[in-house]
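Novice: Sequence first, then the predicted structure, then my questions.
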Amino acid sequence: MPKEAIIRKHFKELCDRKEIPFWIAPRVRYLKECDIFGVFDALIVRNNQIVPIQYTTLHNIRARERKVKSFLERARVSIYGEVWGWDDKDKAFLIIPVYSDN
């Protein structure tokens, strides 16, 4: 199973266990995913707000954080999002909040 599929599985399991409503961008041709705005993998609902999520490996978390921040700056939008990095060792996600005040 590809690494992204494993991380998606952990993401779904965590959201289901914590009863967090979520939506993942559907797969399209050739089993490739279509990211939301070309950046985010999923949306969750927390505290009556929609939060876009980019999930990745713990190793790539800072690169994905830069990717999200770069998108927000280019798009000139103010939004709160999160980057979730899966840690195989701890079997948990490290969550980094990403803000933009454009």
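Specialist: Everything's here; your move.
Novice: how about the strands of this structure, start to end?
Specialist: 22-24, 42-46, 49-57, 80-87, 92-99 (DSSP state E).
Novice: Indicate which one of those is closest to K67.
Specialist: Closest to K67 of the strands of the chain, according to C-beta to C-beta: strand 49-57, at 7.2 Å. Where you see a C-beta, it was placed from the backbone N, CA and C, and this is true even at glycine.
Novice: For that closest one, which strands pair with it and how are they oriented?
Specialist: strand 42-46 (antiparallel), strand 80-87 (parallel) (DSSP bridges).
Novice: residues near the nearest residue to D87 once chain neighbours are set aside, how many?
Specialist: Counting by C-beta to C-beta, 6 or more residues apart in numbering, L58 is the residue found nearest to D87 once chain neighbours are left out, at 4.4 Å. Using other C-beta atoms under 10 Å, L58 has 17 neighbouring residues.
Novice: model confidence over stretch 62-76, on average?
Specialist: Averaged across stretch 62-76, pLDDT comes to 94.
Novice: what residues does it touch?
Specialist: Around stretch 62-76, the neighbours that count as contacts under C-beta atoms under 8 Å, 6 or more residues apart in numbering are 37-40, 54, 56, 79, 81, 83, 85, 96, 98, 100, 102.
Novice: Repeat the analysis, applying 7 Å as the threshold.
Specialist: Under the criterion C-beta atoms under 7 Å, 6 or more residues apart in numbering, residues 37, 39, 54, 56, 79, 81, 83, 96, 98, 100, 102 lie in contact with stretch 62-76.
Novice: since we're on the fifth one, how many residues are nearby?
Specialist: Same thing as I79. By the criterion of other C-beta under 10 Å, I79 has 18 neighbours.
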